[in-house]
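1. Provided below for reference: sequence and predicted model.
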Amino acid sequence: MIETIYIEAALRQHPRAQHTIQRYSTARVICCEHYAEVFNPSAQNFRLQKIKPALIIAEKHNKYVLPAPDAYGIGMQHNYYFSHMLNCLYDCRYCFLQGRFASANYVWFVNYEDFSQAIQETVAEHQSESVGFYSGYDCDSLALESVTGFAGYFLDVFRQLPTAWLELRSKSPYTRVLLQQQPFNNCVVAYSFTPEPINQAIEYKVPPNQARIKSMNKVQQHGWSIGLRFDPLIYCDNYRALYCQLFHEVFSSIDVDGVHSVSLGPFRLPDRYMRKLKKLYPQEKLLASTFEVKQGMASYPQQLEDEMMDFVTSELSKHIPQQKLFPCVN
Ligand code: SF4
């Protein structure tokens, strides 16, 4: 439930903003000139704000579409990301957004038409080459769909752009908009998983795997391509058994031929984010693990990282052809 809404003064009459303010009619509405006044000050307590984040309705003015990090990719020739929202409904202890942003409030950029224009221009620059657009970089693509209508809008944009691929990456069991719409080829609905005991221990507010597997199955049966994301891989003593169990649960519940791509990646975080997370959660066991810092990134010691990547790759290869496997490594 959203109890506080900040809104940039210039957006008071914006239809998406008005609709949301009417919907949350009991919320406190506070005007600001620019979202950064509320979102950027450094003396904010991310952990406290995460209990009841406010919604900040804002307009993005530039950099609608950005090049994706090098390691991103699920088979397209070019890769970009775009963020209609900053921050997430869920609260995973390893999430890099906690290090990236000073505030846990949700910033929602309502000027979808400008994003759409930039996406079309980016696609045009690459003529007939395939271009991937990732929408789950700074947020979860579907978790706040009932507030933002994001997927409902952008599915229609990508339906008209056959060389552009949209990845909706989510830990949400939300399905409504996907089941209402006619599927098309160039959209991948990608579900992120960790083994259930890890999900329960460190992915706060994320629904159980079984709920999401059920939703994924419905979405696939409706005709959408699905993706599986095992990134980051989280270490624990019995990680081998837990990941084998997870793969059994997932692959026995879906049509493997209808899986577009499976990606996996080691646990890694910019070291400066890691230091911030450790301060936020000094009791957190995950963050007390031994990490190595290489080129500013904190990750498990190389030998352990290699061992986990090799093991998981080998297990996944038992379920999925090699050409659908995309390791995400820097
Ligand atoms: S679901 Fe993804 S974006 Fe949301 S808190 Fe977890 S890791 Fe972060």
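-> Nice, I can see it.
2. ok, and does stretch 78-90 reach over to the ligand?
-> Yes: Stretch 78-90 comes into contact with the ligand (Cβ under 6 Å from any ligand atom), by way of 88, 90. Every C-beta, even on glycine, is put in place using the N, C-alpha and C of the backbone.
3. Confirm that residue 168 sits in a helix.
-> No: counting by DSSP: H, G, I helix; E, B strand; the rest coil, one finds residue 168 to be strand, located in no helix.
4. per-residue confidence for it?
-> Note for residue 168: predicted pLDDT of 98.
5. Roughly how far does the nearest residue to it once chain neighbours are set aside sit from the ligand?
-> Of all residues not flanking residue 168 in the chain, residue 141 sits nearest, at 4.0 Å (Cβ to Cβ, 6 or more residues apart in numbering). According to Cβ to the nearest ligand atom, to the nearest Å, residue 141 and the ligand sit 9 Å apart.
6. Now do the SS call for residue 141.
-> Residue 141 - assigned by three-state DSSP - is coil.
7. backbone phi and psi for it, please?
-> phi -70, psi -30 (degrees, to the nearest 10).
8. shouldn't residue 111 be in contact with residue 62?
-> No: with contact defined as Cβ atoms under 8 Å, residue 111 does not reach residue 62; the gap is 11.2 Å.
9. neighbour-wise, which of the two wins?
-> Legend: neighbour count by other Cβ atoms under 10 Å for residue 111 and residue 62, higher for residue 111 (17 against 6).
10. Can you give me the distance of the more buried one to residue 40?
-> In this view, residue 111 and residue 40 are 19 Å apart by Cβ to Cβ, to the nearest Å.
11. Pull the residues that contact the helix or strand of the chain with the lowest mean pLDDT.
-> When each helix and strand of the chain is scored by mean pLDDT, DSSP states H and E, helix 46-49 comes last, with a mean of 90. When contacts are defined by Cβ atoms under 8 Å, 6 or more residues apart in numbering, helix 46-49 is touched by residues 98, 101-105, 280-281.
12. what helices or strands is the top helix by length along the chain leaning on?
-> Determined from DSSP state H, the single longest helix within the chain is helix 302-317. Judged by 3 or more Cβ pairs under 8 Å, 6 or more residues apart in numbering; DSSP states H and E, helix 302-317 is in contact with strand 225-233, helix 239-251, strand 259-266, strand 325-327.
13. Among these, which comes closest to the ligand?
-> The ligand lies closest to strand 225-233 among the helices and strands packed on helix 302-317, at 8.5 Å (Cβ to the nearest ligand atom).
14. What distance do you get for the residue minimising distance to the centre of the chain to residue 240?
-> The chain has residue 136 as the residue nearest its centroid, 3.2 Å off, counting by Cα atoms, centre = their mean. Distance, residue 136 to residue 240, using Cβ to Cβ: 28 Å.
15. Likewise for residue 6?
-> For residue 6, the distance to residue 240 - Cβ to Cβ - is 46 Å.
16. do residue 53 as well
-> According to Cβ to Cβ, residue 53 stands 36 Å off from residue 240.
17. State the pLDDT value of the residue found closest to residue 148 once you drop the neighbours it is linked to in the chain.
-> Spatial nearest neighbour of residue 148, excluding adjacent residues (Cβ to Cβ, 6+ apart): residue 108 at 5.9 Å. pLDDT for residue 108: 98.
18. dump the residue contacts of residue 108.
-> Per Cβ under 8 Å, 6+ apart, neighbours of residue 108: 55-58, 84-85, 144, 147-148.
19. redo that, cut-off 6 Å
-> Shown in contact with residue 108 (Cβ atoms under 6 Å, 6 or more residues apart in numbering): 57, 85, 148.
20. coming back round to it: between residue 53 and residue 240, which has more neighbouring residues?
-> Neighbours were counted for residue 53 and for residue 240 using other Cβ under 10 Å; residue 53 has more, 19 against 14.
21. Angles on the backbone of that one, please.
-> The phi/psi pair for residue 53 (degrees, to the nearest 10) is phi -70, psi 140.
22. same thing with the one 4 residues further on?
-> Its backbone dihedrals place residue 57 at phi -90, psi 120, with angles given as degrees, to the nearest 10.
23. Would you mind listing what in the protein touches the ligand?
-> Near the ligand, when you scan the chain using Cβ under 6 Å from any ligand atom, you find 88, 90-92, 95, 97, 140, 171.
24. distance of the residue nearest to residue 148 from the ligand?
-> Distance from residue 108 to the ligand, by Cβ to the nearest ligand atom: 15 Å.
25. quick one: what helix or strand has that residue in it?
-> Here residue 108 sits within strand 106-109, counting by DSSP states H and E.
26. Among the contacts of helix 46-49, give me the pair with the biggest separation.
-> Maximum pairwise distance in those, criterion Cβ to Cβ, is 18.9 Å, between 105 and 281.
27. more neighbours, the two?
-> residue 105 (23 against 16).
28. Hmm, that one is touching residue 55, no?
-> No: Residue 105 is beyond contact range of residue 55, at 7.2 Å (criterion: Cβ atoms under 6 Å).
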